[in-house]
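[1] Structure for this input, please:
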Amino acid sequence: MTEIAPAFRALSSLAKAEAVLALSGFAAVVAYLCLTGRIAFGGLLSNKTTGHLDPGRVQLLLSTLLLSGTLLGGLGHRGPHPVLTVPSDWLVFLYGSSQGVYLVRKVLQVQALLKGA
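    Numbers count the residues shown, from 1 in each chain. The predicted model follows:
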């Protein structure tokens, strides 16, 4: 049984290296596309009808960044074998509430547009 353990460690190291390489390549492609303007961020946070800053979009972006940062930040503090765990209940509640508020607001906007048309 002790002969198998080094093989699994080598396989695990290879899988980690491949994952890092794949994610780095993906990040490099996305960064290149952002820098060359092929991925446009213009209007990302603006209301499509008025062109003004949309607070719902800002709130949705910030809550997504908060949850993503929390998940990624937690990976570095798990010891030699990082395991991604679900964040605390309050963070899941806040993120779900944020998504729900944005969705309800969008539904109400579409209903108002349909009544006005």
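
[2] For the rest of this, base every contact and every neighbour count on C-alpha atoms.
    Noted.

[3] What residue spans form the domains of this structure?
    Structural domains annotated on the chain: 1-40, 45-117, as defined by automatic domain parsing.

[4] I'd like those laid out as CSV, including mean pLDDT and mean neighbour count.
    Shown next, in CSV, are the domains of the chain (pLDDT from 0 to 100; neighbours: other CA atoms under 10 Å):
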stretch, mean pLDDT, mean neighbour count
domain 1-40, 85, 11
domain 45-117, 78, 13
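
[5] With only the CA atoms kept, save stretch 16-25 in CSV.
    Extracted in CSV, the C-alpha atoms of stretch 16-25 (Å, rounded to 0.1, in the frame of the first residue of the first chain):
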residue,chain,number,x,y,z
LYS,A,16,-2.8,20.7,-9.8
ALA,A,17,-0.2,21.8,-12.3
GLU,A,18,-2.6,21.2,-15.2
ALA,A,19,-5.4,23.1,-13.4
VAL,A,20,-3.1,26.1,-12.8
LEU,A,21,-1.9,26.0,-16.4
ALA,A,22,-5.5,25.9,-17.8
LEU,A,23,-6.7,28.7,-15.5
SER,A,24,-3.7,30.8,-16.3
GLY,A,25,-4.3,30.4,-20.0
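
[6] Specify the local secondary structure of the spatially most central residue of the chain.
    Centrality entry for the chain: nearest residue to the mean C-alpha point is S68, 5.1 Å, by CA atoms, centre = their mean. Following DSSP: H, G, I helix; E, B strand; the rest coil, S68 is assigned to helix.

[7] same question, G51
    coil.

[8] Give me the phi and psi for it.
    As for G51, its main-chain torsions (degrees, to the nearest 10) stand at phi 80, psi 0.

[9] list the contacts for it?
    G43 (CA atoms under 8 Å, 6 or more residues apart in numbering).

[10] Please apply the same query to L62.
    Taking CA under 8 Å, 6+ apart as the definition, L62 has no contacts.

[11] can you check D54 too?
    With the criterion set at CA under 8 Å, 6+ apart, D54 makes contact with 45-47.
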